[in-house]
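[1] Have a look; sequence and predicted model below, questions after that.
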Amino acid sequence: MLQAIELDYVGCKIVITEEVLMKMIRYIQIGFKDPESGGVLTGIIYDGEIRVTGCSVPTRYDKRNRYNFIRSAKSAQTFINTRFAISEGIEVYLGEWHTHPEDHPTPSGIDIADFKKTIQVSRINSETTLMMIVGRKGFYIGVYKYTILIQQYSRPILNITK
């Protein structure tokens with residue numbers, strides 16, 4: 001059974017819920033033709049904890065192929081706005097996630113540049129953002145303060161079936 005990921009981060013804790021992780025692993029690129037997938041992360045910041053409670057999934061407006069995922073800004077913003085409204089203004093944008101067709105993923109130069117560009121041009125309610133990459137056997141998690149990578153983690157995916 002997949003469990004929430006808990007990370008210690010400079011004076012606070014980051015929690016990525018089981019529900020969010022389960023959504024992401026449905027898109028692991030196991031088959032040779034499986035395209036990259038991804039979306040945005042949303043969650044709640046309170047009392048020394050960043051809790052990732054939502055993630056969007058690919059839509060028909062996203063562009064996907066084996067080695068590339070370009071999410072639709074419009075569908076991502078709709079997801080963010082909906083989560084914000086449902087939570088009465090508590091749940092906010094926290095970052096991005098996507099898959100890689102490798103066992104233990106690491107971000108490419110394009111991943112990093114695109115993530116930083118998104119952070120720079122977007123209105124964000126948190127100085128801390130996350131980049132998550134889902135591989136076939138593990139997760140990569142980069143923690144950013146504004147556009148600067150502060151910490152990075154790798155975590156295995158255990159006992160998971162698609």
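    Everything's here; your move.
[2] check contacts around the residue with the largest distance to the centre of the chain.
    Residue farthest from the centre of the chain, counting by C-alpha atoms, centre = their mean, is residue 32 at 22.8 Å. For residue 32, no contacting residues are found, by C-beta atoms under 8 Å, 6 or more residues apart in numbering. For glycine as for every other residue, the C-beta is placed from the backbone atoms N, C-alpha and C.
[3] Could you do residue 143 as well?
    By C-beta under 8 Å, 6+ apart, residue 143 lies in contact with 7, 9, 14, 128-130, 149-153.
[4] residue boundaries of the strands in this protein?
    Secondary structure of the chain (DSSP state E): strands at 5-9, 12-16, 38-46, 49-55, 63-65, 68-70, 92-99, 128-134, 138-145, 148-156.
[5] Mean pLDDT and distance to residue 120 added to the ones you listed, as TSV?
    Listed next are the strands of the chain as TSV, based on pLDDT from 0 to 100; distance: least, C-beta to C-beta, whole Å:
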stretch	mean pLDDT	distance to residue 120
strand 5-9	88	22
strand 12-16	93	22
strand 38-46	97	16
strand 49-55	97	20
strand 63-65	97	21
strand 68-70	95	17
strand 92-99	98	13
strand 128-134	97	11
strand 138-145	96	11
strand 148-156	94	12
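[6] Buried deepest among these, which one?
    Mean neighbour count (mean count of other C-beta atoms under 10 Å) peaks for strand 92-99 among those, with a mean of 25.
[7] Check the separation of the first and last residues in stretch 137-150.
    Stretch 137-150 has an end-to-end distance of 24 Å (criterion: C-alpha to C-alpha, to the nearest Å).
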